[in-house]
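Undergrad: give me coordinates for this.
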Amino acid sequence: MTVIAVVPGDGIGPEVTDEAVKVLDELQLGLDFDHLDAVNATTFQTTGTGLSPSDFERIRSARSVLFGAIGAPGINNSEYGRGVLIKMRFALDLYVNHRPAFLWDARLSPLRDDRRRNVDCVIVRENSEGLYVGVGGRVRADTPDEIAIDEEINTYHGVSRVLDYAFSIARRSVCLVDKSNAVPNGGRLWQRCWRDAVEGRPDIDCSHLYVDAAAMKLIADPSAFDVIVTNNSYGDILSDLTAQLAGGLGMAASANLNPKTGFGVYEPVHGSAPDIAGQGRANPVGAILSAALLCEGIGLGKAAAAIRAAVSSALAAGRCTPDIGGSLSTREAGAAIRAELR
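TA: This is a model prediction of the structure:
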């Protein structure tokens, strides 16, 4: 039996994760779900711990993780997020953040020009270095003389392996995005690793854009991109942009991966959305498409394709939540997708 750890988390996380698990159950894949319901804001507020050692061992021993969302009103402490999702990323060396964007229905696009609406790309974001490592500090905090420093970390090992992954999934092209003209030291390292990677893949169309130019080109013609590879912070920003071009964050799936071990944490990217939690309005598509990524990651490619086809059919019929033009509740939208699987 293949064990999948399920971490519903906070806000709408439990609602959308429940629908994703139901979709996986519908396919009868032989998966055993280990639900870690105590990993949430209530536990953090009570114990000061986001992810206990025993819960982390349950995650480590699973095949992969289906994750909901974390975050709740009243918790402004960054240690909660760092103690759950960031802990998993670093402790399990999940060095790739894989964020696909695909326009499932033309009506979901905010772009006027229908010739350029066909979004079908992947943002490959370096997931274990960059500005999010947490190196830095504050001097004379909370005074008029405060100094705050955040340092960006780039290593040859980290950059090389994320570029390798980007080329491994490319169908036709890879575009490196950086800001090496303004951030020279890390930029030189990325450019050095990029030259080495490009030399080894003459079959792939390779290009380079500065991050500001890449943002403009994504808006002008997202259909021009196949794989974009970039650092942690730029990838965080550009992947939200591509998600919006493909229908919004409620549709967006992601995977935090270690391609060498095969372990992954799969999650929708919309966050906990406490303002609509418990109202049955949350879009489950991002979580369900994350479940499709999970299937792909554990070698169940046919199941992943079936889930995506079911999502496509349900969306084409308008059987979806209000944020993307439907009238269904979270549960009804999940049931509509499951009905397409039968």
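Undergrad: can you pull the buried residues of stretch 322-339?
TA: By neighbour count with 16 or more other Cβ atoms under 10 Å, stretch 322-339 contains the buried residues 323-324, 326, 328-330, 332-338. Every C-beta, even on glycine, is put in place using the N, C-alpha and C of the backbone.
Undergrad: tell me the mean pLDDT over it?
TA: For stretch 322-339, mean pLDDT rounds to 97.
Undergrad: hmm, who's touching it?
TA: Outside stretch 322-339, the residues within contact range by Cβ atoms under 8 Å, 6 or more residues apart in numbering are 12, 15-16, 18-19, 22-23, 26, 107-108, 247-248, 250-251, 280-285, 288, 307, 310-311, 314-315, 317-321.
Undergrad: any of the residues you listed buried? List them.
TA: Buried by 16+ other Cβ under 10 Å: 12, 15-16, 18-19, 22-23, 26, 108, 247-248, 250-251, 281-285, 288, 307, 310-311, 314-315, 319-321, out of the contacts of stretch 322-339.
Undergrad: now the stretch 51-200 of the chain, which segments are flagged as low pLDDT?
TA: For the stretch 51-200 of the chain, applying pLDDT under 70 flags the ranges 77.
Undergrad: need the strands for it, in chain order.
TA: In the stretch 51-200 of the chain, the segments counted as strands under DSSP state E, counting those that start in this stretch are 64-69, 96-102, 120-126, 136-139, 147-150, 173-178.
Undergrad: what sits closest to residue 140 if chain neighbours are left out?
TA: Using Cβ to Cβ, 6 or more residues apart in numbering and skipping residues adjacent in sequence, the residue nearest residue 140 is residue 146, 5.2 Å away.
Undergrad: swap that for residue 17, please
TA: That would be residue 68: by Cβ to Cβ, 6+ apart, it lies 4.1 Å from residue 17.
Undergrad: tell me the contacts of the one you found?
TA: Taking Cβ under 8 Å, 6+ apart as the contact definition, residue 68 lies against 7-10, 12-14, 16-17, 267-268, 272, 287.
Undergrad: among those residues, which one lies nearest to residue 87?
TA: Nearest to residue 87 among these is residue 7, at 11.7 Å by Cβ to Cβ.
Undergrad: what residues are up against that closest one?
TA: 17, 36, 39, 59, 65, 66, 67, 68, 84.
Undergrad: that one should be in a strand, yeah?
TA: Yes - under DSSP: H, G, I helix; E, B strand; the rest coil, residue 7 falls within a strand.
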